[in-house]
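1. Show me how the following folds:
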Amino acid sequence: MHAFDVLGEPVRRRILELLAEGERSAGSVCAVIRAEFGISQPAVSQHLRVLRDSGFATVRPQGTRRLYAVNPEPLREVDDWLGHFRRFWTPPLHALATELARGRRERRLAAEAEKPEGPENEGPEKRRRE
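-> Numbering: from 1, shown residues only. Okay, the predicted model is just below:
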């Protein structure tokens with residue numbers, strides 16, 4: 001199964017988000033997914049199986065429980081593939097960050113300009129110098 005076939009399913013993406021927070025038991029994953037998506041326990045188990053069989057998740061037994069974790073390798077492969085397309089969104093995101101910083105600076109300077117002069121509005125370092 002192709003990585004995007006696996007990641008194209010919202011339930012599987014959500015399971016990966018849960019596993020990215022740390023190792024989880026199958027029961028824990030099932031409880032969250034059932035509450036959020038309203039699907040049955042066998043359906044959640046199927047999604048866990050797809051993630052495991054496709055290499056996106058690992059499982060280890062601990063007594064009667066099965067603990068699932070993210071396997072980062074397939075995600076690195078997806079990230080490498082997406083790297084070919086980053087040029088389409090990285091410059092606009094940098095430009096957005098610049099504009100946000102510029103707006104914060106302008107608001108801060110405007111707020112400072114509106115402050116009335118006087119000892120009650122001066123910082124402690126200026127009052128100490130006097």
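2. switch to C-alpha atoms for all contacts and neighbour counts from now on
-> Will do.
3. which secondary structure elements does the host helix or strand of residue 58 contact?
-> Using DSSP states H and E, residue 58 maps to strand 57-62. For strand 57-62, the elements it packs on are helix 41-53, strand 65-70, judged by 3 or more C-alpha pairs under 8 Å, 6 or more residues apart in numbering; DSSP states H and E.
4. Please identify the buried residues of it?
-> For strand 57-62, a neighbour-count test (16 or more other C-alpha atoms under 10 Å) marks 57-59 as buried.
5. Point me to the helix or strand that includes the residue nearest to the spatial centre of the chain.
-> The chain has residue 17 as the residue nearest its centroid, 7.6 Å off, counting by C-alpha atoms, centre = their mean. Assigned by DSSP H and E, residue 17 falls within helix 10-20.
6. relative orientation of that helix and strand 65-70 in degrees?
-> Counting by axes from the mean of the first three to the mean of the last three C-alpha atoms, to 10 degrees, helix 10-20 lies at 100 degrees to strand 65-70.
7. Quick one: mean pLDDT for the next helix or strand after helix 10-20?
-> Using DSSP H and E, the helix or strand that follows helix 10-20 towards the C-terminus is strand 24-25. Over the span of strand 24-25, the pLDDT mean works out to 96.
8. Show me what strand 24-25 is in contact with.
-> For strand 24-25, the surrounding residues in contact (C-alpha atoms under 8 Å, 6 or more residues apart in numbering) are 18, 65-69.
9. So which of these wins on neighbours?
-> The most crowded member of the contacts of strand 24-25, judged by other C-alpha atoms under 10 Å, is residue 68 (25 neighbours).
10. For that one, which residues are in contact?
-> Taking C-alpha under 8 Å, 6+ apart, we find residue 68 in contact with 19, 23-26, 57-60.
11. Repeat the analysis, applying 6 Å as the threshold.
-> Counting by C-alpha atoms under 6 Å, 6 or more residues apart in numbering, residue 68 touches 23-25, 58-59.
12. okay if I get the residues you listed as CSV plus distance to residue 99?
-> Formatted as CSV, these follow (distance: C-alpha to C-alpha, whole Å):
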residue, distance to residue 99
23, 39
24, 40
25, 44
58, 42
59, 45
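13. Many thanks, I have nothing further to ask.
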